[in-house]
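Participant: The following comprises the amino acid sequence and a computationally predicted model.
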Amino acid sequence: MELGTLVSRIRAGDICAFTELVRRYQDMAFGYAFSILHDFQLAEDAAQEAFLAVYADLGALAAPEAFPGWLRGIVRHQCQRILRKRRLRVVPLAQARDMAESAPGPERQAERKEMQERVLAAIRALPRAEREVTTLYYIQEYSQQEIAAFLEVPVSKVNNRLHAARARLKRRMLPMVKETFQEHALPEDFAERVGRIVQVQGPLVDAQFAPEKLPAVFSALTVQDPAHKQPVTVEVAQHLGNGVVRCIALAPAAGLKQGMEIINTGAPASQPVASETLHQLAQALGKERTEKPELLETGIKALDLLCPYARGGKVGLFAEWGLGLLVLIPEIIHNIATHQPGVWLFTFVQPMANPKDWQQVTAEIAVPEGEIQTIYIPTADPNDPVIPAQFDFLDARTYLARHRARQRLYPAIDPLRSNSRLLDPALVGQEHVEVANGVRQLLQRCQELQPHLESTGREALSEEEKTLAARGRRVERFLTQPFFVAAPFTGVPGQYVPVQETVRDFKALLAGEYDALPEEAFLYCGTLAQVVEKANAAR
């Protein structure tokens, strides 16, 4: 694509065109910055800042063909700014640890350091003009014609400077120069890391990137906020499709607006959303429901019975790490997308020290499926009671319980804490409400009896209490269910249970009709008919 066409498309807001422009000139900008700063890290910073300035000021470029020289001037300005306020590079402890772990051994480090110091000293000793052409030539082996266009000098002058530089460096130094520059080139995905803000709603920031290079969920993005002269960090919470990601500002940040450039750091965010921002987030996301809620069947017994979801409604999923959330979410999406679309899943989780595994899985389930949306919100403690109070617009709240996960009772949905505003006789029927309340009351009573069951006090329990405890264990196990998304790993086919069957079966369980069946038969069955079949097969 010709440079003029590329510039025109960028001015029209085409982020892919800007990515291509950065790809074409990124190494040229980096090499020129290094010729001034003599530091690879600072040169990368200068190149990045230069392209941000390019995107913001491209409208001021009169002639597209003058872009190379215009870019050079911007890079030089950024380098001068860095030189004025140069300071030590500071990295987070976790990043410093990773740098140390990935570093070569002491002998190789010393050898490389000595070679690099010799090369950089030789480059610095060159006159400025020769240093520029040498750096640009070896950073990506640009042709003399490309270097001439960038520096706005004749090709013959580039050749003369390069010849003089080679003579100064001497033949034995040239391979070392080439190796040093190739070692410290810009990251291959540098061009794709640059995006732009397309919408700001309080702490919610929507940003667009090249569709084939979306930042992963939980990735940290930075915005240079001109109002505060400090970078603002936002975290990717959702993939909206068409190259757009929805992010959450981790702390209150004013001054962000549409059109600003945003950078994908490539690293995960490691801090929770600030409490003040969480409140603003709730206000931005919350909308009053005007129509009467309509039940959305998920086919998952524990959800449909105890915390039913609303069609087009909003659900809060509250979970610590390791409780099976990344199995529950795709199962919900699978079942709803297959049968009847329409729900928002707000997932409250703790920030992880190493969320790369989560990012890999969420990349598959964070993309909208029809009307199903998944939004990930990092919080210090997902079980903090303050969070549900702020997000009072949620139709349902689903909590995952550590004690159920320890017993391998999946889904590990907490039957006592999970709740829904749809659990109303006018919405789901009187029988449904009575059965759900009966299950909670039974499990609550079993929880109270648990200390006696685990000690010599068991003998002091009445026969009725022992029967209730045994029935409660059967109910707990019947709340488990084989999932479709887990079938490739467990070998057990998934089960979709209609809500009417769920209510009917738990009503029968509460009535004691299945007290004679062994407790283990209730594990991972969809219906009581399957429990009976399983128990008979075991005899």
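Facilitator: Structure's in. What do you need? Everything quoted here is computed from the prediction, not taken from an experiment. Numbering: from 1, shown residues only.
Participant: Next, the contact list for the residue nearest to S418 when sequence neighbours are not counted, please.
Facilitator: Distance criterion Cβ to Cβ, 6 or more residues apart in numbering; nearest residue to S418, sequence neighbours excluded, is C307 at 4.1 Å. C-betas here are computed from N, CA, C, even on glycine. Each residue near C307 by Cβ atoms under 8 Å, 6 or more residues apart in numbering is listed here: A396, R397, T398, I413, S418, N419, S420, L423.
Participant: Residue ranges in this structure under the pLDDT threshold?
Facilitator: Residue ranges of the chain with pLDDT under 70: 85-120, 139-141, 170-185, 225-229, 287-290, 338-341, 352-371, 454-458.
Participant: Break it into its domains for me.
Facilitator: 3-183, 191-281, 430-538 (automatic domain parsing).
Participant: Which of these sits closest to L328?
Facilitator: domain 430-538 (8.0 Å; Cβ to Cβ).
Participant: Walking through the protein, point out its strands one by one.
Facilitator: Using DSSP state E, the strands of the chain run over 194-201, 204-208, 219-225, 230-241, 244-249, 261-268, 295-296, 309-310, 313-318, 343-349, 372-378, 396-399, 419-420.
Participant: F40 is nearest to which of the ones you listed?
Facilitator: strand 261-268 (16.8 Å).
Participant: List the buried residues of the closest one.
Facilitator: Residues E261, I262, I263, N264, P268 are the ones in strand 261-268 that count as buried (16 or more other Cβ atoms under 10 Å).
Participant: Output stretch 308-319 as CSV - backbone C-alpha positions only.
Facilitator: Taking Å, rounded to 0.1, in the frame of the first residue of the first chain, the C-alpha atoms of stretch 308-319 are listed here in CSV:
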residue,chain,number,x,y,z
PRO,A,308,-32.0,-18.8,38.6
TYR,A,309,-30.8,-16.4,35.9
ALA,A,310,-32.9,-13.9,34.0
ARG,A,311,-33.0,-13.7,30.2
GLY,A,312,-31.0,-10.6,29.3
GLY,A,313,-30.1,-10.3,32.9
LYS,A,314,-26.9,-9.7,34.8
VAL,A,315,-25.2,-12.3,37.0
GLY,A,316,-22.3,-11.9,39.4
LEU,A,317,-19.9,-14.8,39.6
PHE,A,318,-17.7,-14.6,42.8
ALA,A,319,-14.8,-17.0,43.1
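Participant: Next, the residues that contact that stretch from outside, please.
Facilitator: 285, 289, 293-296, 298, 303, 325, 328-329, 340, 342-349, 371, 382-383, 387-388, 391, 393-400, 420, 422-423, 428, 499.
Participant: Check the burial of R124 by counting its neighbours.
Facilitator: A count of nearby residues for R124, using other Cβ atoms under 10 Å, gives 10.
Participant: For the nearest residue to it once chain neighbours are set aside, what are phi and psi?
Facilitator: Among residues not flanking R124 along the chain, H38 sits closest, at 5.6 Å (Cβ to Cβ, 6+ apart). Note on H38: backbone dihedrals following degrees, to the nearest 10 are phi 60, psi 30.
Participant: hang on, H38 packs against L126?
Facilitator: No: with contact defined as Cβ atoms under 8 Å, H38 does not count as touching L126 (11.2 Å).
Participant: Mind checking which of these two has more residues around it?
Facilitator: Neighbour count, other Cβ under 10 Å: between H38 and L126, L126 has more, with 19 against 15.
Participant: Got phi/psi on the more buried one?
Facilitator: phi -70, psi 150.
Participant: picking that back up, adding distance to A47, write the strands of the chain out as JSON lines.
Facilitator: Putting the strands of the chain into JSON lines (distance: least, Cβ to Cβ, whole Å) gives the following:
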{"stretch": "strand 194-201", "distance to A47": "11"}
{"stretch": "strand 204-208", "distance to A47": "20"}
{"stretch": "strand 219-225", "distance to A47": "14"}
{"stretch": "strand 230-241", "distance to A47": "16"}
{"stretch": "strand 244-249", "distance to A47": "23"}
{"stretch": "strand 261-268", "distance to A47": "12"}
{"stretch": "strand 295-296", "distance to A47": "49"}
{"stretch": "strand 309-310", "distance to A47": "48"}
{"stretch": "strand 313-318", "distance to A47": "41"}
{"stretch": "strand 343-349", "distance to A47": "35"}
{"stretch": "strand 372-378", "distance to A47": "30"}
{"stretch": "strand 396-399", "distance to A47": "46"}
{"stretch": "strand 419-420", "distance to A47": "52"}
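Participant: No further queries at this time; thank you.
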